[in-house]
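> Pasting the sequence and the predicted model now:
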There are 2 protein chains.
Amino acid sequence: MVRWQPDTRARLQAAALELFVDRGYDETTAADIAEAAGVTERTFFRHFADKREVLFDGQQFFSKTFLDGIEAARPDEAPLAVVASALEGAATFFPDERREWSRGRQAIIDAHPALQERELLKLSGLAVEVAAALRDHGVAEPAATLAAQSCLTVFGVSFATWITHGETRPFAEIAHDTLAQLRTLAG
Amino acid sequence: MVRWQPDTRARLQAAALELFVDRGYDETTAADIAEAAGVTERTFFRHFADKREVLFDGQQFFSKTFLDGIEAARPDEAPLAVVASALEGAATFFPDERREWSRGRQAIIDAHPALQERELLKLSGLAVEVAAALRDHGVAEPAATLAAQSCLTVFGVSFATWITHGETRPFAEIAHDTLAQLRTLAG
């Protein structure tokens, strides 16, 4: 008989982050995480390939928020207006309830070069996906790649601001302001 | 008696690239490179820590070209004008004689995820250095980070264009045109 566990995945993620912060990422095993979440190690591995994946879970859904945002943009808009729409999409991935988790996750990544490399590769792949979506949306090259990279630039600065201690503005507002800042760089 | 070898380093790099292309990166050893360049393995290791370093050599000098460019900019210019100056600096690292080497190097990196990660980390570090130089130049945050990332965005697109087969325009001209494209994204 299998008990229905509505939030096993979320519970494993919360337990993992707590252990990573308290005990250290390197010192935490999948078995530790499973135990802290009150499930078997086998259940852990049904949800995640390894402990690293706990931090990088949801990548497809994360990418999709950008792509949905691009699809929602009008086809005749300027590239940066489509980027604004992509960032509005991305903001749905970062509700205020997620801020503490994101802060903890980022602190762990910042402390581990191998996780940083993983994160950089992930964001680099996302830029390629965003550029493809912009081309599908009618933006020609090299504007599509330039706009996609600019989207990731604004995303990165916005995310870093959003997780700053004491910051309370919602992600969407920060991203909107950061994109406005990007527009002023030309002077 | 030590024979003076004016270009041992450059000869090792040329020999390495040829072997990486012909035989494959994984299949080439430091000893193979030394032999092809007509030097001892010990000489190879006097110049490079390992075969990977042959591809990533000159990083400090590469970064310095951007920073010199920023220093050469007038202090009252708009952030993107300072970025233009950084890219003019970077262009000095990519004379036409280097184009074939850069093409070969990039093909090897593209084929090896571990080298791609190394390259991404390197460029990410460079963006941090460029942002610091922009702040020293009087650009406030978040404009400094946004402009530094934009600098790397334009650099990346320009470099990819520069090594395209059949492309003959000099790097500086491509970078100038790409930055102009970036300025048009706002519509």
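Sure thing, it's come through. Everything numeric in this text was worked out from a predicted model, so none of it was measured.
> OK, contacts around A:V83?
Neighbouring residues of A:V83 by Cβ atoms under 8 Å, 6 or more residues apart in numbering or on different chains: A:A147, A:S150, A:C151, A:V154, A:L179, B:L185. Any C-beta I mention is one placed from the backbone N, CA and C, and that applies to glycine too.
> cutoff 6 Å now
Residues in contact with A:V83 (Cβ atoms under 6 Å, 6 or more residues apart in numbering or on different chains) are A:A147, A:C151.
> So which residues on chain A come close to chain B?
Neighbours of chain B within chain A, by Cβ under 6 Å from any Cβ of the partner chain: A:78-80, A:117, A:120-121, A:124, A:142, A:145-147, A:149, A:153, A:157, A:181-183, A:185-187.
> out of those residues, which are buried?
A:78-80, A:117, A:120, A:124, A:142, A:145-147, A:149, A:153, A:157, A:181-182, A:185-186 (16 or more other Cβ atoms under 10 Å in any protein chain shown).
> Can you list the low-confidence ranges for chain A?
Low-confidence segments of chain A, defined by pLDDT under 70: A:1-6.
> Leaving out chain neighbours, which residue sits closest to the residue most central in space within it?
For chain A, the residue nearest the mean C-alpha position is A:F62 (5.6 Å; Cα atoms, centre = their mean). Spatially, and ignoring its direct neighbours in sequence, A:F62 is nearest to A:F93 (5.5 Å; Cβ to Cβ, 6 or more residues apart in numbering or on different chains).
> for A:R105, same thing?
With Cβ to Cβ, 6+ apart, the residue lying closest to A:R105 is A:L55, at 5.7 Å.
> Can you tell me how far that neighbour is from A:L120?
14 Å (Cβ to Cβ, to the nearest Å).
> In the longest helix along chain A, which residues are buried?
Under DSSP state H, the helix in chain A containing the largest number of residues is helix A:113-136. Within helix A:113-136, the residues that qualify as buried are A:115-120, A:124, A:126-127, A:130-131, A:133-134, counting by 16+ other Cβ under 10 Å.
> So which of those is the closest to A:E97?
A:E119 (21.7 Å; Cβ to Cβ).
> tell me the contacts of that closest one?
With contact taken as Cβ under 6 Å, 6+ apart, A:E119 is in contact with A:I109.
> Tell me how far the residue nearest to the centre of chain A lies from A:P95.
13 Å.
> Same check on A:A14?
Relative to A:P95, and taking Cβ to Cβ, A:A14 is found at 16 Å.
> So for these two, which sits in the more crowded spot?
A:A14 (17 against 11; other Cβ atoms under 10 Å in any protein chain shown).
> Wait, A:G138 touches A:P75, no?
Yes: the criterion here is Cβ atoms under 6 Å, and A:G138 meets it with A:P75 at 5.4 Å.
> Compare neighbour counts for those two and give me the winner.
A:G138 (12 against 8).
> Look up how far chain B lies from that one.
Distance of A:G138 to chain B, given as Cβ to the nearest Cβ, to the nearest Å: 13 Å.
> For that residue, which three-state class applies?
Secondary structure, DSSP: H, G, I helix; E, B strand; the rest coil: A:G138 is coil.
> Let me know the helix or strand that A:V157 is in.
Assigned by DSSP states H and E, A:V157 belongs to helix A:143-162.
> Tell me which helix or strand comes right after that helix.
helix A:171-183.
> Alpha carbons of stretch A:60-79, as CSV, please.
Output in CSV follows, covering the C-alpha atoms of stretch A:60-79 (Å, rounded to 0.1, in the frame of the first residue of the first chain):
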residue,chain,number,x,y,z
GLN,A,60,12.2,23.1,-17.4
PHE,A,61,9.5,24.9,-15.6
PHE,A,62,11.8,27.9,-14.9
SER,A,63,12.7,28.2,-18.6
LYS,A,64,9.1,27.9,-19.6
THR,A,65,8.2,31.0,-17.6
PHE,A,66,10.5,33.0,-19.9
LEU,A,67,9.2,31.4,-23.0
ASP,A,68,5.5,31.9,-22.0
GLY,A,69,6.3,35.5,-21.4
ILE,A,70,7.7,35.9,-24.9
GLU,A,71,4.7,34.2,-26.4
ALA,A,72,2.4,36.6,-24.6
ALA,A,73,4.2,39.6,-26.2
ARG,A,74,2.7,41.3,-29.2
PRO,A,75,4.6,40.3,-32.4
ASP,A,76,5.3,43.9,-33.5
GLU,A,77,7.0,45.0,-30.3
ALA,A,78,10.6,46.1,-30.0
PRO,A,79,13.0,43.4,-28.8
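> So what touches it?
A:82, A:85-86, A:88-90, A:92-93, A:126, A:129-130, A:133, A:137-139, A:143, A:147, B:185-187.
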